[in-house]
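Participant: could you work out the structure for the sequence below:
(one chain, ligands or ions: 2)
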Amino acid sequence: MRLNLESLRCVGCGLCESVCSLNRDSVLTAMSSSIILHIEDKVNYFGLVLKTKDDGLVVARPEGSSPGEQHPGSDGPGAKPILLREPCDLCGGEPKCAKMCPTGCITVVD
Ligand code: SF4
Ligand code: SF4
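Facilitator: Ligands and ions are numbered 1, 2, ... in the order given. Model prediction:
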């Protein structure tokens with residue numbers, strides 16, 4: 001099982017970050033999430049960075065997904081760099097970010 005990210009569907013609501021941290025630390029903050037927004041200075045440009053156990057960082061931009069390094073624009077205000085965070089554990093088998101994403105940007109694939 002893994003997460004598939006279609007960033008063209010992302011509206012930048014940040015719900016995935018919040019629900020990931022809530023699942024980890026029982027608090028609503030984006031400080032410990034394994035998935036974070038990737039934002040560049042372009043109108044309606046939203047992407048995501050996911051820290052995975054097996055493939056390292058996966059950067060999903062509107063242009064497509066690729067393994068990669070965290071872009072400086074991926075940090076939210078005060079956010080901890082994603083390299084210092086725990087990798088995604090797929091919420092133990094029921095990925096909550098995929099369930100909560102309002103646009104279907106995050107889907108679960110086998
Ligand atoms: S919950 Fe979905 S739409 Fe919202 S920021 Fe995350 S991926 Fe984007
Ligand atoms: S599946 Fe769970 S641990 Fe992985 S990014 Fe989504 S909410 Fe976070």
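
Participant: how about the residues of this structure by ligand 2?
Facilitator: By C-beta under 6 Å from any ligand atom, the residues of the chain that approach ligand 2 are 19-20, 23, 33-35, 88-91, 95-97. Just so you know, the C-beta spots here come from the backbone N, C-alpha and C atoms, and that holds for glycine as well.

Participant: mind running it again at 5 Å?
Facilitator: Within the chain, the positions adjacent to ligand 2 are 20, 34-35, 88, 90-91, 95-97 by C-beta under 5 Å from any ligand atom.

Participant: as TSV, those with distance to V43 and pLDDT would be great.
Facilitator: Listed next are the residues of the chain next to ligand 2 as TSV, based on distance: C-beta to C-beta, whole Å; pLDDT from 0 to 100:
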residue	distance to V43	pLDDT
C20	26	94
S34	27	93
I35	23	94
C88	29	96
L90	33	96
C91	32	95
P95	29	97
K96	29	96
C97	25	97
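
Participant: can you tell me which of those are in strands?
Facilitator: Among these, the members falling in strands are I35 (criterion: DSSP state E).

Participant: can you lay out the residues of the chain next to ligand 2 as a markdown table showing neighbour count and distance to ligand 1?
Facilitator: Putting the residues of the chain next to ligand 2 into a markdown table (neighbours: other C-beta atoms under 10 Å; distance: C-beta to the nearest ligand atom, whole Å) gives the following:
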| residue | neighbour count | distance to ligand 1 |
| --- | --- | --- |
| C20 | 25 | 9 |
| S34 | 25 | 12 |
| I35 | 26 | 7 |
| C88 | 20 | 13 |
| L90 | 18 | 16 |
| C91 | 16 | 14 |
| P95 | 24 | 12 |
| K96 | 17 | 10 |
| C97 | 26 | 6 |
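
Participant: closest to C13 among the residues of the chain next to ligand 2?
Facilitator: Comparing the residues of the chain next to ligand 2 against C13 with C-beta to C-beta places C97 closest, at 11.4 Å.

Participant: mind showing which ranges of this structure have poor pLDDT?
Facilitator: Low-confidence segments of the chain (pLDDT under 70): 69-79.
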